[in-house]
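**Student:** Here is my input, please return the structure:
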Amino acid sequence: MAVLLIVDDDEAIRDALYELFEEEHRCHLAGTVEEAMKWLDTEIYDVVLTDISMPGLSGVELLAALRQRQERTPVIIITGLGDQEHAQGLMKMGAFDYLIKPFRLEIVEKSVRRALGYRRMLLKEDVKSEK
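**Tutor:** Numbering: from 1, shown residues only. Alright, predicted model coming up:
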């Protein structure tokens with residue numbers, strides 16, 4: 001069972017993503033980046049899904065914090081901006097994937113599956129390098 005952190009100020013989106021993943025994974029929810037940062041102090045996540053535009057700190061700031069605290073955790077960005085240049089910038093910052101709202105749940109599910117596969121591969125590499 002993987003551990004996911006879902007960060008979005010839109011309660012309906014948080015709830016939809018929670019319902020999508022709750023049966024197979026342990027999910028934590030945050031409505032702000034500040035709330036998400038508190039979760040990062042207590043848990044190591046397998047995947048983080050975050051909106052970009054939120055009150056207070058942004059998803060970009062969360063991505064930067066994750067790269068420092070949990071650098072091997074894939075981060076999937078969810079945004080209403082369809083700007084390709086913006087997406088490329090986020091990928092250069094270390095985002096695993098970039099999904100545009102409105103999204104289909106199947107697309108999110110596929111992205112999370114890919115991110116979990118990537119995470120497993122990284123963990124296997126870590127184990128090999130420790131030997």
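**Student:** if we look at the helix or strand bottoming out on mean pLDDT in the chain, which residues are touching it?
**Tutor:** None of the helices or strands of the chain scores lower by mean pLDDT, DSSP states H and E than helix 84-93, at a mean of 81. If you take Cβ atoms under 8 Å, 6 or more residues apart in numbering as the criterion, helix 84-93 is touched by 52, 60, 63-64, 67, 77, 79, 98. C-betas here are computed from N, CA, C, even on glycine.
**Student:** Give the buried residues for the helix or strand where I13 lies.
**Tutor:** Element membership for I13, per DSSP states H and E: helix 11-21. Within helix 11-21, the residues that count as buried by 16 or more other Cβ atoms under 10 Å are 13-14, 16-17, 20-21.
**Student:** helices or strands up against that helix?
**Tutor:** Applying 3 or more Cβ pairs under 8 Å, 6 or more residues apart in numbering; DSSP states H and E, one finds that helix 11-21 contacts strand 3-7, strand 26-30, helix 105-130.
**Student:** Buried deepest among those, which one?
**Tutor:** The highest mean neighbour count among these, using mean count of other Cβ atoms under 10 Å, belongs to strand 3-7: a mean of 23.
**Student:** neighbouring strands for that strand, and are they parallel or not?
**Tutor:** Strand 3-7 pairs in its sheet with strand 26-30 (parallel), strand 47-51 (parallel), by DSSP bridges.
**Student:** of those strands, which approaches I107 most closely?
**Tutor:** strand 47-51 (11.9 Å; Cβ to Cβ).
**Student:** Give me the distance between R104 and C27.
**Tutor:** 19 Å (Cβ to Cβ, to the nearest Å).
**Student:** now T50
**Tutor:** From T50 to C27 the distance is 13 Å (Cβ to Cβ).
**Student:** Now list whatever residues contact both of those two.
**Tutor:** By Cβ under 8 Å, 6+ apart, T50 and C27 have these common neighbours: 5-6.
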